[in-house]
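Chemist: I would like the atomic coordinates for the input below:
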Amino acid sequence: MTNKKLINGLETIMRTFSVYLEDRTMALVPRGGTLEDFLRSLEGKTIKDILDDNSYMNLYMGNKHGIGGQAEGSERDAMDFANKLVRFVNRDVMTHRPREREYETDRFKEEHDYEGYNKARSQKARLGMDRLKARRAGDDEYFMELQNQIEELDDFTSNHPYQRGMSMINKEYDKAVEDYHNSPLTAEYLTDDGSEAYDELVAAFAKLGGESETVIDV
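Modeler: Next up, the predicted model:
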């Protein structure tokens, strides 16, 4: 009797978990209404919520169809919509982590002795190749000599002004992106901004059979 109750309990848990999986997989798929209705339903969520749901959906579809497999028909259209939604809601991320980093500018490099930093890194790479040859040749003494030189260069580059400056800037970028992704989505941010990303979202929504207040040429 106890075993039967246990089995029934496990079956209930599995059914509940299956419902949860289905709901999570379809979290970014509109269920009726217009595109604008769906976007309004996202108000208060964060971009991270959308990114997490999209990652889960991609993982689920990948497991379902195998590595390299592609969803077909409505599943493919649903994935396309979810990916276009991510692009739209995440559209300002590059304002927080620009393509050209501050430490890549000529001015920053000049002020932080990038030439000396890069020279040390190149020297370390050459010594690394020599160390590999010494290991293969069984020359332990030369190997240790090279190892010591590499460690000195590691200390030099790790404490170099350019490396410290680059690390500090990357931390600032990471914090800015984290704050951006964790900020609640507003009604204003979720409206048609006239961008290509929004037009693509409208087109993807149309493939699902939905309608939008936005009209685009196809």
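
Chemist: only the buried residues of the helix or strand encompassing residue 150, if you could.
Modeler: For residue 150, the host element (DSSP states H and E) is helix 140-158. If you call a residue buried by 16 or more other CB atoms under 10 Å, then helix 140-158 has these buried ones: 143, 146, 150, 153, 156, 157. Any C-beta I mention is one placed from the backbone N, CA and C, and that applies to glycine too.

Chemist: okay if I get these as CSV plus distance to residue 208 and pLDDT?
Modeler: As requested, the buried residues of helix 140-158 are exported to CSV (distance: CB to CB, whole Å; pLDDT from 0 to 100):
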residue, distance to residue 208, pLDDT
143, 62, 95
146, 60, 97
150, 56, 97
153, 56, 97
156, 57, 97
157, 52, 97
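
Chemist: of all those residues, which comes closest to residue 62?
Modeler: residue 157 (38.6 Å; CB to CB).

Chemist: who's in contact with the closest one?
Modeler: Residues in contact with residue 157 (CB atoms under 8 Å, 6 or more residues apart in numbering) are 117, 120, 121, 124, 163.

Chemist: please repeat the previous calculation with a cut-off of 10 Å.
Modeler: Applying CB atoms under 10 Å, 6 or more residues apart in numbering to residue 157 gives the contacts 116, 117, 118, 120, 121, 123, 124, 163.
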